[in-house]
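*Asks:* Any chance you can model this:
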Amino acid sequence: MDSIGEGGARRPHSISVVIPVYQGERTLAALLTELEPLMQDVLSPDGHRLRVTEILLVHDNGPDGSAAVLRDLAERYDVVRPLWLSRNFGQHPATLAGMASSGGDWIVTMDEDGQHDPASIPAMLDVAMAARADVVYARPTNRPPHGVLRNIGSRMSKRLLRLSTSGTDATEYQSLRLVLGEVGRSVAAYAGAGVYLDVALSWVAQKVTTCPVELRDEGGRPSGYSVRTLFSHFWRMVLSSGTRALRLVSLLGLVVAVGGLLLAVYFIASSLFWKVDLPPGWPSLMVVLLVCSGAILFSLGVIAEYVGVAVKMAMGRPLYLIVSDPQSGPLGRPVDTSPGSPATRSRRPDEPAAGERALRSTVGNDSSHPVP
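*Replies:* So this is what the prediction gives:
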């Protein structure tokens, strides 16, 4: 079995931590210090044994001295693996590069600025095991540590995206994620240029859930996102999230065309039965405008659907994804039952495990939780 190691010992869940680095000169060393306890075998609150086996620091060619810090951390920690990108590609491409280079049972993605607490990783693993989820997002329990305008804009844009796209709950998206390793590496292999990472994950993940996590301040460093880059980030998410907006164009055209025909019936009835005196030529002009406008919009919507199919192919959305038997992989690994482990400690019969408590909290706050 996958879960049994040498000598019959329970093999821990191996965790690959992926951190895209843009301005991490002042924050990376402290973050690695917090990750250090997880570099040894530890038990989660529910008794799942885990260990951070590699930390992939993806250098995205930022404006500070992060490169020297990466070299120093690689010498200090055996598990640190720097990845050097040829130029600045952005957060999501850098994250995908790290995911593609990972080898752990699970992949944790987190920011470099210190707002994500590594101590939340065991709880996220418990939620993944309790829900048998491929992806677990951090669900902030406090107000995100950004400016007021950025928080409002992010919340509105994600809710707007949730309404206007199909199969996408953007309110769950966070850069602190726990992803099943084979799912994350597969996404990194097929996702095309311009695809929003979380949308690509939603294409193949069987189950996505959240875990309550408290966010921290960003280490006192300025954000690497400007208004322009944030809008570009949002627009990329819209373009890669589906074709529901294209279908709205077709629906609008159909409604306008039908409205024109109904208006024509009204004008005819007004002239024959109600003797309404209308300006000559005005009724026919309005009917022609509405019907023709509706036909044009409907035709554009149909053409856009074909364009959408081509765009999906260019983005690399897979027709299918073959994975291993879930029962033989990390999701099928039982909890540690050695004496003194959390799984063997006394607990009231009606008391749920930590992962189950987090899941219940998620269900109770599905759409009302604060988002960054």
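*Asks:* Quick check: bridge partners of V58?
*Replies:* P20, L83 (DSSP bridges).
*Asks:* Make sure P122 is actually in contact with P37.
*Replies:* No. Counting by C-beta atoms under 8 Å, P122 sits too far from P37 to count as a contact (10.4 Å). Bear in mind the C-beta positions are built from the backbone N, C-alpha and C, glycine included.
*Asks:* what about R87, neighbour count?
*Replies:* 6 (other C-beta atoms under 10 Å).
*Asks:* again with E305
*Replies:* Neighbours of E305 under the rule other C-beta under 10 Å: 14.
*Asks:* Tell me the helices and strands packed up against the biggest helix by length in the chain.
*Replies:* The helix that spans the most residues within the chain, counting by DSSP state H, is helix 282-315. Other elements packing on helix 282-315 under the criterion 3 or more C-beta pairs under 8 Å, 6 or more residues apart in numbering; DSSP states H and E are helix 244-272.
*Asks:* Run the angle between the helix it packs on and helix 282-315 for me.
*Replies:* Angle, helix 244-272 to helix 282-315, by axes from the mean of the first three to the mean of the last three C-alpha atoms, to 10 degrees: 170 degrees.
*Asks:* just to revisit the earlier point, compare P122 and P37 and say which is more crowded by neighbours.
*Replies:* Remark: of P122 and P37, P122 carries more neighbours, 22 against 11, as counted by other C-beta under 10 Å.
*Asks:* and that one, what is it in contact with?
*Replies:* 38, 42-45, 48, 50 (C-beta atoms under 8 Å, 6 or more residues apart in numbering).
*Asks:* Let's have those in TSV, adding distance to L263.
*Replies:* Output for the contacts of P122, formatted as TSV (distance: C-beta to C-beta, whole Å):
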residue	distance to L263
L38	68
V42	70
L43	71
S44	65
P45	65
H48	65
L50	66
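*Asks:* Looking at the residues you listed, which one is closest to D64?
*Replies:* L38 (26.1 Å; C-beta to C-beta).
*Asks:* what number of residues lie near the closest one?
*Replies:* Neighbour number of L38 under other C-beta under 10 Å is 21.
*Asks:* surely S338 meets L43?
*Replies:* No. With contact defined as C-beta under 8 Å, S338 does not reach L43; the gap is 9.1 Å.
*Asks:* From the rest of the structure, what touches the helix or strand containing V69?
*Replies:* Taking DSSP states H and E as the criterion, V69 maps to helix 66-76. Contacts with helix 66-76, where a contact means C-beta under 8 Å, 6+ apart, come from 21-25, 28-29, 32, 57, 59, 80-82.
*Asks:* Any chance of the contacts of P122 in TSV with pLDDT and distance to R76 as columns?
*Replies:* Shown next, in TSV, are those (pLDDT from 0 to 100; distance: C-beta to C-beta, whole Å):
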residue	pLDDT	distance to R76
L38	97	16
V42	95	20
L43	94	26
S44	95	26
P45	93	29
H48	95	28
L50	96	22
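*Asks:* Just flag the most distant two among these.
*Replies:* L38 and P45 (13.9 Å).
*Asks:* hmm, back to that, what are the buried residues along the helix holding V69?
*Replies:* Buried residues in helix 66-76, counted by 16 or more other C-beta atoms under 10 Å: 66-67, 69-70, 73.
*Asks:* Would you point out the most distant pair within the residues you listed?
*Replies:* For the buried residues of helix 66-76, the maximum inter-member distance is 11.0 Å, found between A67 and L73 (C-beta to C-beta).
*Asks:* Which of S338 and L43 has more residues huddled nearby?
*Replies:* Using other C-beta under 10 Å as the criterion, S338 and L43 rank with L43 on top: 18 against 13.
*Asks:* I figured the more buried one hits D336, correct?
*Replies:* Yes. Contact criterion C-beta under 8 Å: L43 and D336 qualify, at 6.0 Å.
*Asks:* follow-up on the earlier one: and the contacts of P122, which are buried?
*Replies:* Of the contacts of P122, these count as buried by 16+ other C-beta under 10 Å: 38, 43-45, 48, 50.
*Asks:* The residues you listed in strands, which ones?
*Replies:* Mapping these onto strands (DSSP state E) picks out 43, 50.
*Asks:* In a markdown table: the buried ones among the contacts of P122, plus distance to L251.
*Replies:* Shown next, in a markdown table, are the buried ones among the contacts of P122 (distance: C-beta to C-beta, whole Å):
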| residue | distance to L251 |
| --- | --- |
| L38 | 50 |
| L43 | 53 |
| S44 | 48 |
| P45 | 48 |
| H48 | 47 |
| L50 | 48 |
